[in-house]
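**Q** Sequence first, then the predicted structure:
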Amino acid sequence: MNIVFLGPPGVGKGTQAKRIAQEYNLDHIATGDILRSAVNKDTALGRKVKEIMSRGDLVPDEVVFSLVKERLAKASCQKGFLLDGFPRNISQAVALGDYLKEKKKKIDHVVYFEVTEEEIIRRLSARRICSSCQANYNLITQPPKEEGICNFCGGKLILRRDDYPEIIRERLRVYQKETTPLVEYYQAEGLLKKINGNGKIEEIYQGLKEIFSEKNYVRN
Ligand code: AMP
């Protein structure tokens with residue numbers, strides 16, 4: 001099964017994607033995580049994209065798509081994948097569609113997480129990330145056991161640079177302009193499923209499992 005998660009920053013896609021990927025044995029491809037890890041490791045790619053990401057802008061399509069293609073070609077992806085944060089504009093969606101067609105693969109579901117803008121701002125300002133292993137926390141919905149410390153590796157929890165309020169506003173602007181046209185795009189392809197992202201983590205998870213257990217789902 002091949003899935004795309006679509007929705008604004010802070011909607012909870014990443015949290016759900018990790019669980020769903022585990023449940024259905026899918027390779028979780030989170031382009032934001034891949035890019036952040038390149039920035040943290042100070043690789044050539046990281047140096048190239050650091051500035052763009054800290055402004056809240058999109059990294060150039062060809063850079064992101066080459067990372068995605070590299071992952072999709074891996075053996076771990078052949079059983080199925082979950083794209084989280086990609087595509088983010090129409091040209092990425094077209095490039096992905098062409099690539100999958102060439103490989104005789106397809107997307108089975110595109111899930112669109114709907115949420116109000118106030119809720120996004122509330123969640124993003126409460127989000128923390130481990131500076132070492134990148135695990136995600138939310139001070140309201142998913143706090144760490146010990147304040148400021150990662151449950152998994154003991155790393156320090158920080159506010160992502162692009163979760164500062166002025167950058168959140170820019171990311172939402174970019175999302176509206178670049179990413180929302182994908183809702184219509186995938187609706188026209190008959191792939192779009194909507195889920196209410198305002199609910200509790202567990203409720204959303206159950207809703208997702210219902211979508212993926214639809215009787216008409218055909219394994220590729
Ligand atoms: P995310 O963790 O998905 O919110 O992504 C964080 C940042 O990484 C975004 O604000 C962009 O700068 C960059 N990024 C992630 N995915 C993409 C993508 N598909 N296309 C362009 N830039 C991306």
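**A** Sure, I can see it.
**Q** which element follows the lowest-mean-pLDDT helix or strand in the chain toward the C-terminus?
**A** Every helix and strand of the chain was ranked by mean pLDDT, DSSP states H and E. The lowest is helix 117-126, at a mean of 87. For helix 117-126, the succeeding helix or strand toward the C-terminus, using DSSP states H and E, is strand 127-130.
**Q** Okay, now the sheet partners of that following strand, with direction.
**A** strand 136-138 (antiparallel), strand 157-158 (antiparallel) (DSSP bridges).
**Q** Output the contacting helices and strands for the helix or strand following the shortest one.
**A** Reading on from strand 157-158 to the C-terminus, the next helix or strand found by DSSP H and E is helix 165-174. Packing contacts for helix 165-174, counted by 3 or more C-beta pairs under 8 Å, 6 or more residues apart in numbering; DSSP states H and E, involve helix 44-55, helix 117-126. Backbone N, C-alpha and C define where each C-beta goes, glycine included.
**Q** neighbours around the one residue in the chain that gets nearest to the ligand, how many?
**A** In the chain, no residue comes nearer to the ligand than Gly32, which is 2.0 Å away by C-beta to the nearest ligand atom. For Gly32, the neighbour count with other C-beta atoms under 10 Å is 20.
**Q** Could you check which helix or strand contains it?
**A** Going by DSSP H and E, Gly32 is part of helix 31-40.
**Q** Quick one: name the residues of the chain near the ligand.
**A** Residues of the chain lying near the ligand by C-beta under 6 Å from any ligand atom: 9, 31-32, 35, 52-53, 56-59, 64, 85-86, 88, 92, 162, 171.
**Q** Give the buried subset of those residues as a ChimeraX selection command.
**A** Filtering the residues of the chain next to the ligand down to the buried ones (16 or more other C-beta atoms under 10 Å) takes a single ChimeraX command:
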select :9,31,32,35,53,56,57,58,59,64,85,86,88,92,162,171
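**Q** Run a quick neighbour tally on Asn151.
**A** 16.
**Q** Can you give me every residue that contacts it?
**A** By C-beta atoms under 8 Å, 6 or more residues apart in numbering, the contact set of Asn151 is 135, 144-145.
**Q** repeat for Val63
**A** For Val63, counting by C-beta under 8 Å, 6+ apart, the contacting residues are 45, 48-49.
**Q** still on that earlier bit, now do the residue of the chain closest to the ligand against Ile121, distance only.
**A** Computed as C-beta to C-beta, to the nearest Å, the Gly32 to Ile121 distance reads 18 Å.
**Q** For Pro165, which non-adjacent residue is closest in space?
**A** Ser125 (6.7 Å; C-beta to C-beta, 6 or more residues apart in numbering).
**Q** was I right about that neighbour contacting Ile168?
**A** Yes. Ser125 lies in contact with Ile168 (C-beta atoms under 8 Å); the separation is 7.4 Å.
**Q** need the strands for the protein, in chain order.
**A** 2-6, 27-30, 81-84, 109-114, 127-130, 136-138, 157-158, 192-196 (DSSP state E).
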